[in-house]
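Visitor: Quick one: sequence plus predicted model below, questions after.
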Amino acid sequence: GENVEQHPSTLSVQEGDSAVIKCTYSDSASNYFPWYKQELGKGPQLIIDIRSNVGEKKDQRIAVTLNKTAKHFSLHITETQPEDSAVYFCAELEGGSYIPTFGRGTSLIVHP
Amino acid sequence: DAGITQSPRHKVTETGTPVTLRCHQTENHRYMYWYRQDPGHGLRLIHYSYGVKDTDKGEVSDGYSVSRSKTEDFLLTLESATSSQTSVYFCAISESMASSSYNEQFFGPGTRLTVL
């Protein structure tokens, strides 16, 4: 990967609202896009990922969408809960690569 | 949780002193990484290893060295610590299953280093 832009850097929502975090990338060879969640005082942990042959993937309240033409992918969290408060990182890799390129992170705050 | 430990978890040291951080894994994964995390910069790769005694530089390797003499241990050394190296350091591991596969990274709990 070359470069990943992640927005917004901070996102504040009310409990029950939806949250969307967007990442754009520049490397057309990228074909794996994971999302990591980092809770306070802990290391990041994979929460969902998507491969380039899929446009959308869901896992309960979280979903990821990918638009390869526009080179962007997004994390969607519905019905947010206070425990969703964390820093979220997007990343991208080329197939077979083991060095991801990370976005700079989004601090999500869910207010009760 | 993946079996990754980091030691120490917290360290305060003075400028100019050497510091070594240790990452230990019990997963027998091939790849190991050292990142630093700073506000506004996200995760930046310092060094990584693709096997015993096989290491390479990441984007912020100046002032750091690494060693991997065993599959399970990856050491990060600051030869002469500076205040700019105050950060939270994360170790990560991953395993390539095939040349065309994808690699989830598993992160350790982090080491908070303060250089005075």
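Guide: Nice, thanks for sending it over.

Visitor: In chain B, which residue sits closest to chain A?
Guide: Minimum separation of chain B from chain A (C-beta to the nearest C-beta) falls at B:F107, amounting to 3.1 Å. For the C-beta atoms, the positions are set from N, CA and C on the backbone; glycine is no exception.

Visitor: Need the three-state assignment for whatever residue of chain A ends up closest to chain B.
Guide: Nearest residue of chain A to chain B (C-beta to the nearest C-beta) works out as A:G43 at 3.1 Å. Assigned with DSSP: H, G, I helix; E, B strand; the rest coil, A:G43 falls in the coil class.

Visitor: So which bits of chain B are right by chain A?
Guide: Within chain B, the positions near chain A by C-beta under 8 Å from any C-beta of the partner chain are B:4, B:31, B:40-43, B:45, B:48, B:50, B:58, B:90, B:92, B:94, B:96, B:99-110.

Visitor: try it again with 7 Å
Guide: Proximity of chain B to chain A, by C-beta under 7 Å from any C-beta of the partner chain, involves residues B:31, B:40-43, B:45, B:48, B:90, B:94, B:96, B:99-100, B:102-105, B:107-110.

Visitor: Nearest residue to the residue of chain B closest to chain A in space, please, no chain neighbours.
Guide: A:G43 (3.1 Å; C-beta to C-beta, 6 or more residues apart in numbering or on different chains).

Visitor: and the next element down the chain from the lengthiest strand in chain B?
Guide: Assignment by DSSP state E gives strand B:42-51 as the longest strand of chain B. Using DSSP states H and E, the next helix or strand after strand B:42-51 towards the C-terminus is strand B:54-57.

Visitor: could you dump that following strand to PDB, C-alpha only?
Guide: The C-alpha trace of strand B:54-57 is given here as PDB (Å, rounded to 0.1, in the frame of the first residue of the first chain):
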ATOM      1  CA  ASP B  54      15.400 -11.800   9.100                       C
ATOM      2  CA  THR B  55      14.400  -8.200   9.800                       C
ATOM      3  CA  ASP B  56      13.800  -5.100   7.800                       C
ATOM      4  CA  LYS B  57      13.100  -1.400   8.400                       C
END
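
Visitor: tell me the angle whichever helix or strand comes after that strand makes with strand B:42-51.
Guide: Later in the chain than strand B:54-57, the nearest helix or strand by DSSP H and E is strand B:64-70. If you take axes from the mean of the first three to the mean of the last three C-alpha atoms, to 10 degrees, strand B:64-70 sits at 40 degrees to strand B:42-51.

Visitor: The residue nearest the centre of chain B: which element?
Guide: For chain B, the residue sitting closest to the mean C-alpha position, by C-alpha atoms, centre = their mean, is B:W34 at 2.3 Å. Per DSSP H and E, B:W34 falls inside strand B:31-38.

Visitor: residue contacts, the nearest residue in space to A:G103 that is not next to it in sequence?
Guide: Once flanking residues are discounted, A:G103 sits nearest to A:Q6: 2.9 Å by C-beta to C-beta, 6+ apart. A:Q6 makes contact with A:I21, A:C23, A:C90, A:G103, A:R104, A:G105, A:T106, according to C-beta atoms under 7 Å, 6 or more residues apart in numbering or on different chains.

Visitor: contacting residues for the last one?
Guide: Residues in contact with A:T106, defined by C-beta under 7 Å, 6+ apart, are A:Q6, A:P8, A:S9, A:L11, A:I21, A:V87, A:Y88.

Visitor: Filter the contacts of A:Q6 down to the ones in strands?
Guide: A:I21, A:C23, A:C90, A:T106.

Visitor: Roughly how far does the last one sit from A:T65?
Guide: A:T106 sits 16 Å away from A:T65, going by C-beta to C-beta, to the nearest Å.
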